[in-house]
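> I'd like to go over a predicted model; first the sequence, then the structure.
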Amino acid sequence: MKLTIDEVAECLDVPSSTVERWIRQGRIPVSKSSGACFFQKSILYVWAKKHNLPFTLPEEKITQIDEKKSDSLCNVMSFGGVYHNIRGNNVDEVLASSVKNIAFLDEDGQQMLLTKLLEREEMASTGIGKGIAIPHPRMPMDETMEEPVITTCFLEHPVDFNAVDGLAVFVLFILLSPSVKIHLYLLSKLAFCARDASFVEFLKQGPDEKALLERVERLEKSL
Amino acid sequence: MIPRILHIFQNTPLGRESLLQAAYFSKQLEASLIVYIPQHIKFLMYFDNDVVQIDLDPSYLYSPDTAKDHAAEIIKEAGVEPLFLEPKHFTASSLPDIPADFDYMVCPRSISDLSAKIGFGYVGAKVRNIFNAARFPVLIPSYVYKPWKNIVVFYGGSANASNALKLGFQIRKETRFPLNLFTYAEKAPGDYRKEIINMGLEDDLNRQVDNWRIFESGNLVDNLYHVPHDALVILGAFAHGLLRNIMFGSKLEKIQAALANNLLVVGPKYSAPI
Amino acid sequence: MKPWRYPARWALFKMDDRLLLMFIGAIVGTCSGIAALALNHSLHFLLEALSHWRQHWWAFVLPAAGAALSSLFLEKIVKEGAGHGVPEVIYSVSRYGGLIRLRSAFSRLISSCLTIGSGGSAGPEAPVVMSGSAIGSNIARFFSLNDRQRVTLVGCGAAGAISSIFNAPISGIVFTIEVILGEWTALNIIPIAIAAVAGTEISRALQGDQIVFSPQVFDIGMGDIFASIGLAVFTAIASIALTHGLRSMHQISGKVKAPLWIRAGIGGSCVGIIGLFLPVVLGEGYHFVHTMIEGNFTPGLAFVAVACMAKILATSLTLGWGGSGGIFAPCLVIGSLTGLTYHRMLSAIWPSVNWVNEGCYALLGMAGLISGMLQAPLTGIFLIVEITGGYAVILPLIIVSAISATLCHYIEPSSFYLKELVDRGHLLRPGTDARVLSDLSIKELLETDCVCVNQNMPIREFIKIVENSRRNYFPVEDDATGEFVGMLHLDDIRPYLFNRMLYDAVLVGQIMNPNVETVLPDDDLTEILHKMDSQRLFSIPVVVNNRFVGMISKATLLDKYRKELMVQTTS
């Protein structure tokens, strides 16, 4: 397999001017044909190993980056669904009735999730203020989960959640994610939306799924 | 990075014209102009696989105390910040090394001669050595300062001509001056277009070239009259074998001898950035 | 594209470029061997042609004319500087991958021939090394080889030249490794050895297998070995005297307001006048070395001591005032005179002790001086063993060489060849810190992922930028002109971060640091690091034309530095 100077620079994580200098100084094995330089991957691999240099092909890197990428908030929310009039008079009850709406979990899964959510609530309230709570498990869900999911639940009546500002909570965003990284990423996006006062007013009206997602999409774009 | 232009300053009226031209060039390209005021009669330039010694004319060392002020004044007037090159390395105590990693160099037709000795159409041997060894294009300024308002690229189909073409596209992008392509046809005119398309430059060709004149008849030198008087002429210097150090190749030799314009010469070691 | 110009692409040499280097190394060794012989023969010719004039009282103008001519030749015709050229070779090996001008391949040969042939006190070896190296470099250039290969071929040229002129292959190899390249690797040793063999072989083929000085048999006793320690002290003193003499003469001549060739002429005529009284100081002086080794040098202690000092003076006058030539041959003469002086002192103090023949002390003295001047003990030892064809003196030889080199190193930390380079910071031996730093350029280290901010931007906007950036440093620019006005560190906004009232009240331009140290992209990395160290900075912005181009930070530097070091040191 032949590599160009730029690809090799990428593989070795050095600027291409360094690779050009190494060619000039005769430090790197290179083949030349009609003025252009190219490298044999296998020879270069041996060379890098001999000099103890890191050598990663660009493709490998791309997959690493892909992992980090997450879906947009809007997609994640539409996947989880939006539910209204969730019943309950305290934290335990609302969470228990909300969890029943998470369709992709079976009953055992729902029960386990509820335990985890309650554990997390005991540590500290997930009510982030302005009547919004983001319940989530302390640790990411088990490996079976591949995509993050946010299930939005509008409560029948506001419930005291021990939130930071003491306001009763009227909406829950149950955030389930496969890794901590994605969790934090979505959390910060949600928090950003919640900072917008007009969005909170909009939420208080208990909008339907379509309107909510549209609004979120708009907000996300302004980010 | 901002492109960097090297100029060797000669503190004479003739040198002033060159510097004015260099300042104009760097202004157009938004490049930084680095001026070397020689302290020694000779200097070395170490290129990738060549070392060129340049022996200056004694006129380059005239009145060194005013040189810096003169140079700074001219450059500032053109609206460019003057930067001066102080050689850091010396091969011998009176033989400084001038770095060779610039993006352009401004170089008179002949480095080592007084104006009286310069014949028209003559390019000194040292300057030719620079073309052949340098990775950067060399600007040969016209004898008298003349701002250029458009670009002419001579395209003759060789590897170097394509480098000249790419350089032309780049300068056109920087300066927005119109770009004219001149070809003195030796084969069917369609072939030239095909060549350029094969190099993947079709887009640039369509978007950036304002006029392509292909001369199918007539003497080369006669046709040169069509080159606008206020054009920057870009051409590739390439000749084969032993003659390389003396001649550019017959066609280019004729062009440079007949044109009084500013010439931007692309040597065989130059590799276009695109 | 002519395929024969690019041997590096031949299938045979593609397998391993060592084959290519061996092949070209042999050619280079042969060529530089021939160059060395050419100089040697023309020197002999010139000496003989001028010999019948030496009797006259006005003979002192001969060295003057020779030195002036050689200086004129160097300055006006080939337009090169004076000097013997070895520092130039080491310089180009250090900094430019051994690129040497083609004209150096012959310029020093002609100029030193004029200087020495007319009677100037200098040696032909350094000029031969220079031209051998230049031949190697230009052959490498012709074949478009890369820096590493070119440096090896420069070494081949030097090895071939020394091997040929002394008929001494090992000295050629050792001199090249110890003085010119400063590196002993598996890649360069074989081509250099082959070049040394080729150089020796060409010299043997063209002028017969003759050992420079005829071998002698010495019976060395225990006492002599101890006495050689004392001799080492003497040779060290002589080396230092010669080094200082050369340098001070150079300074004195620098103050004379006269064209270079007149200066060289003045130096030459002084040498000529000394030569009228002490002919031993003239020329390369191998003839006298010969008689001294054979023990046939009759004059007494006082004469020898004066001759020794006179030779030091004459060499300083010749080279310091602008003559052309090396110090190798004068070192041998001064060394043997020192050895002789020492031996006669010993005999005068302890006449009863049965000292070995004085020729042996002359040998030891030569080794001591070569080791002291070049600070290359191995070169001294092997050279003397080879040019005298005798292994018998090896034990005291080792002692004298080692001690003399160490003493000289103690007083003068860098040798005669390297002094100038070290002073200007140009000695970059492979695998050293200076070498790695000089190879890395600002362009390679520049971090361009910084986000520029505007100086009239309120903090509120700035915080948004901070959220999406990965760096702690933010260059601040002027909105209108785009000029760099200062730096803002993340720490600078910490006091305002939790005070939302101030988010719109405070502008970036007010909290930034306007007086930051900046560097230019052309600056030397050593200087930049020095700047960062003295100011305790972790990173420094690169600014050119008042425009920010990027940051240099120690973290990136470490990463690149380490990679560079790994690439350079493992072969």
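All right, it came through fine. Residues are numbered from 1 along each chain as shown, chains lettered A, B, ... in the order given.

> what about the residue of chain C found nearest chain B, which SS state?
Of all residues in chain C, C:Gly81 sits closest to chain B, at 3.6 Å by Cβ to the nearest Cβ. Heads up, the C-betas are built off the backbone N, CA and C, glycines and all. At C:Gly81 the chain is in coil, as set by DSSP: H, G, I helix; E, B strand; the rest coil.

> which residues of chain A fall in helices?
Using DSSP state H, the helices of chain A run over residues A:5-12, A:16-25, A:41-50, A:58-68, A:73-80, A:91-99, A:107-123, A:180-195, A:197-204, A:209-221.

> Which of the ones you listed sits closest to C:Gln55?
helix A:16-25 (56.9 Å; Cβ to Cβ).

> list the helices and strands the closest one packs on?
helix A:5-12, helix C:147-166, helix C:442-445, helix C:554-569 (3 or more Cβ pairs under 8 Å, 6 or more residues apart in numbering or on different chains; DSSP states H and E).

> Kindly compare burial across those helices and name the winner.
helix C:147-166 (a mean of 32; mean count of other Cβ atoms under 10 Å in any protein chain shown).

> What about residue 79, how many residues nearby?
Since you didn't name a chain, this refers to chain A. Close neighbours of A:Phe79, defined as other Cβ atoms under 10 Å in any protein chain shown, add up to 14.

> meant chain C actually
16.

> show me the contacts for it.
With contact set as Cβ atoms under 8 Å, 6 or more residues apart in numbering or on different chains, C:Lys79 has these partners: B:Lys42, B:Gln53, B:Asp55, C:Arg103.

> if you set the cut-off to 7 Å instead, what comes out?
By Cβ atoms under 7 Å, 6 or more residues apart in numbering or on different chains, the contact list for C:Lys79 reads B:Lys42, B:Gln53, B:Asp55.

> Find the nearest non-adjacent residue to the last one, please.
The reference is to B:Asp55. B:Lys42 (4.6 Å; Cβ to Cβ, 6 or more residues apart in numbering or on different chains).

> Lowest mean pLDDT across the helices of chain A, which one is that?
Here the lowest mean pLDDT among these goes to helix A:58-68, at a mean of 53.

> out of the helices of chain A, nearest to C:His530?
C:His530 lies closest to helix A:16-25 among the helices of chain A, at 22.7 Å (Cβ to Cβ).

> sorry, back to before: am I right that the residue of chain C closest to chain B is in contact with B:Ser94?
Yes: if you go by Cβ atoms under 7 Å, C:Gly81 and B:Ser94 touch, sitting 5.8 Å apart.

> sorry, back to before: Throw the helices and strands packed on helix A:16-25 into JSON lines and include distance to chain B, thanks.
Converted to JSON lines, the helices and strands packed on helix A:16-25 look like this (distance: least, Cβ to the nearest Cβ, whole Å):
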{"stretch": "helix A:5-12", "distance to chain B": "11"}
{"stretch": "helix C:147-166", "distance to chain B": "8"}
{"stretch": "helix C:442-445", "distance to chain B": "7"}
{"stretch": "helix C:554-569", "distance to chain B": "16"}
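
> what's stretch C:483-503 in contact with?
With contact meaning Cβ under 7 Å, 6+ apart, stretch C:483-503 is reached by C:453, C:455, C:458-460, C:462, C:466, C:472-478, C:506, C:508, C:511-514, C:516, C:541, C:543, C:546-548.

> Now, the residues you listed that are in strands?
Applying DSSP state E to the contacts of stretch C:483-503, the entries found in strands are C:Val453, C:Tyr473, C:Phe474, C:Pro475, C:Val476, C:Glu477, C:Pro541, C:Val543, C:Arg547, C:Phe548.

> Name the nearest residue to the residue in the stretch 51-200 of chain B that chain C sits nearest to, sequence neighbours excluded.
Residue nearest to chain C within the stretch 51-200 of chain B: B:Ala92 (3.6 Å; Cβ to the nearest Cβ). Nearest non-adjacent residue to B:Ala92, counting by Cβ to Cβ, 6+ apart: C:Gly81, 3.6 Å away.

> who's in contact with that neighbour?
B:Ala92, B:Ser93, B:Ser94, B:Leu95.

> so what secondary structure elements neighbour the longest strand along chain A?
If you go by DSSP E, chain A has its longest strand at strand A:149-159. Helices and strands touching strand A:149-159, by 3 or more Cβ pairs under 7 Å, 6 or more residues apart in numbering or on different chains; DSSP states H and E, are helix A:73-80, strand A:82-86, helix A:91-99, strand A:169-176.

> Check which residues of the first one are buried.
Translated: helix A:73-80. Under the neighbour-count criterion of 16 or more other Cβ atoms under 10 Å in any protein chain shown, helix A:73-80 has A:Leu73, A:Cys74, A:Asn75, A:Val76, A:Met77, A:Ser78, A:Gly80 buried.

> Right, I'll leave it there.
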